[in-house]
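[1] Can you look at this prediction? I've put the sequence above it.
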Amino acid sequence: MVVALVREGPVDLVEPRRRRADFLQLCVARLGLGEQVRVHASKVENATADASIISARAVASLQNLLRGAAHCATTETRWLLPRGRFDEEELAALKQHWRFMFHVEQSVTNPESSIVVLDRVGAR
């Protein structure tokens, strides 16, 4: 929702839980973002979107996030993935199945959290 407020262009929000999706839709309506924002009440694996940026909460492994949302991305898509502590082993495992460039940003809200930024992602 924050991205939709600060960025022009279409934004797709994907939320599998119906109640949360309804809440997001209510926010879209109240903020007057109906022309710009679509809420998908589904799992990301079933979403139909062409994303220039993908962001997801740290609710799944990086591998599962990429596997689930790859059909919404191109090699030009930037992935912004908030994480807890940065896990180098998880990133090393990801390299076995995916090609990508990455860097890690330190969270400004929690010194023990990070944001993994992936670019040029593609399956091996």
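    Everything's here; your move.
[2] could you list every residue that touches the most far-flung residue of the chain relative to its centre?
    Farthest-out residue of the chain from its mean C-alpha position, per C-alpha atoms, centre = their mean: residue 30, at 23.3 Å. Shown in contact with residue 30 (C-beta atoms under 8 Å, 6 or more residues apart in numbering): no residues. Every residue, glycine included, has its C-beta placed from N, CA and C.
[3] Kindly list the main-chain dihedrals of it?
    Note on residue 30: its backbone torsions stand at phi -70, psi -30 [degrees, to the nearest 10].
[4] Same question for residue 104.
    Torsion angles, degrees, to the nearest 10, at residue 104: phi -120, psi 130.
[5] how close does it sit to residue 56?
    The spacing between residue 104 and residue 56, counted by C-beta to C-beta, to the nearest Å, is 16 Å.
[6] and the two? which has more neighbours close in?
    residue 56 (18 against 13; other C-beta atoms under 10 Å).
[7] can you pull the contacts of that one?
    Contacts of residue 56 by C-beta under 8 Å, 6+ apart are 44, 65, 69, 81-82.
[8] now residue 62
    81, 83, 90-91, 94, 116.
[9] quick one, phi/psi of the residue nearest to residue 76 when sequence neighbours are not counted?
    Leaving aside its sequence neighbours, residue 76 sits nearest to residue 52 (C-beta to C-beta, 6 or more residues apart in numbering; 6.9 Å). Per-residue torsions, residue 52: phi -90, psi -20 (degrees, to the nearest 10).
[10] Correct me if wrong: residue 52 contacts residue 80.
    No - in this structure, residue 52 is not within contact of residue 80 by C-beta atoms under 8 Å, at 11.2 Å.
[11] May I see the buried residues of stretch 93-107?
    94, 98, 100, 102 (16 or more other C-beta atoms under 10 Å).
[12] Select, from the residues you listed, the two members most distant in space.
    98 and 102 (10.1 Å; C-beta to C-beta).
[13] list residues touching both of the two?
    Common neighbours of residue 98 and residue 102 (C-beta under 8 Å, 6+ apart) do not exist.
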